[in-house]
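# fold the following and give me the result.
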Amino acid sequence: MKDRAQFDRAERNAVRAQFATGEVPICPRCGVAMTERKIGGGSFGLGYARKREWLICPRCRGSVLFDVRRGTRN
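Next up, the predicted model:
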């Protein structure tokens with residue numbers, strides 16, 4: 001079976017939990033610190049802007065992409 005780049009649900013949840021507490025996310029597959037890539041995005045007329053994180057393992061290339069919870073609007 002070929003390895004998949006995207007993590008399954010349990011793996012994604014583990015990485016998100018680490019990220020939410022401010023820890024350096026560790027790959028659940030191989031135990032290596034993951035690389036963060038911030039993905040910005042304009043509102044494109046939608047009235048809000050998304051702030052996303054893309055975490056990638058430099059060893060196995062596993063990745064997870066998710067929205068970062070925004071604070072309150074001013």
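
# quickly list what residue 67 is bridged to.
Residues in a beta bridge with residue 67, per DSSP bridges, are residue 52.

# wait, isn't it in contact with residue 51?
Yes. With contact defined as Cβ atoms under 8 Å, residue 67 reaches residue 51; the gap is 6.9 Å. For glycine as for every other residue, the C-beta is placed from the backbone atoms N, C-alpha and C.

# of those two, which one has the most company?
When neighbours are counted by other Cβ atoms under 10 Å, residue 67 and residue 51 differ, and residue 51 comes out ahead with 14 against 11.

# next one: the helix-or-strand element of the chain with minimal mean pLDDT to chain centre, how far?
Every helix and strand in the chain was compared by mean pLDDT, DSSP states H and E; the lowest is strand 35-40, with a mean of 82. Averaged C-alpha coordinates place strand 35-40 at 8 Å from its chain's average position (Cα atoms, centre = their mean, to the nearest Å).

# now for it, which elements pack on it?
Other elements packing on strand 35-40 under the criterion 3 or more Cβ pairs under 8 Å, 6 or more residues apart in numbering; DSSP states H and E are strand 51-56.

# hmm, who's touching the strand it packs on?
15, 19, 25, 34-41, 62-68, 70 (Cβ atoms under 8 Å, 6 or more residues apart in numbering).

# roughly how far out does it sit from the chain middle?
Taking Cα atoms, centre = their mean, one finds the center of strand 51-56 at 4 Å from the center of the full chain.

# could you check the angle strand 35-40 makes with that strand?
Relative orientation of strand 51-56 versus strand 35-40 (axes from the mean of the first three to the mean of the last three Cα atoms, to 10 degrees): 150 degrees.
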